[in-house]
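> coordinates for the following, if possible.
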Amino acid sequence: MLELRPGCECCDKDLPPESTDALICSFECTFCRDCTENVLKGTCPNCGGELVPHPRRPAAKLAKFPPSTERVFNASCKERAAGATD
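Below is the predicted model:
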């Protein structure tokens, strides 16, 4: 089951479970749409995989299957993404 991480790993923007701004790779690295499009160019800086829209869990299932509360933030995300394109 997907973790539904609560924030962008690159800029730390909040991404609630109903957000249409969340994108993930196959390892569930999670990024906001702005970072995905403007910084990462659609590629995960951690694994090199593509970033795709994160599915949204139906609201009726959130109580039984809550999203993760653990934030993953990597301050060097933007630097690593810039280095990968040089």
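> show the contacting residues for the most centrally placed residue in the chain.
In the chain, the residue lying closest to the centroid (C-alpha atoms, centre = their mean) is Thr30, at 1.4 Å. Contact analysis of Thr30 by C-beta atoms under 8 Å, 6 or more residues apart in numbering lists 5, 7-9, 15, 22-24, 54, 72. For the C-beta atoms, the positions are set from N, CA and C on the backbone; glycine is no exception.
> hmm, try it at 10 Å
Neighbouring residues of Thr30 by C-beta atoms under 10 Å, 6 or more residues apart in numbering: 2-10, 15, 19, 22-24, 36, 44, 51, 54, 68, 71-72.
> please apply the same query to Ala22.
4-8, 13, 15-16, 30-33, 36, 51, 53-56.
> out of those, list just those in strands.
Secondary structure assignment (DSSP state E) places 30-32, 53 from these within strands.
> okay if I get the residues you listed as a markdown table plus distance to Ala60?
Shown next, in a markdown table, are the ones in strands among the contacts of Ala22 (distance: C-beta to C-beta, whole Å):
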| residue | distance to Ala60 |
| --- | --- |
| Thr30 | 23 |
| Phe31 | 27 |
| Cys32 | 25 |
| Pro53 | 21 |
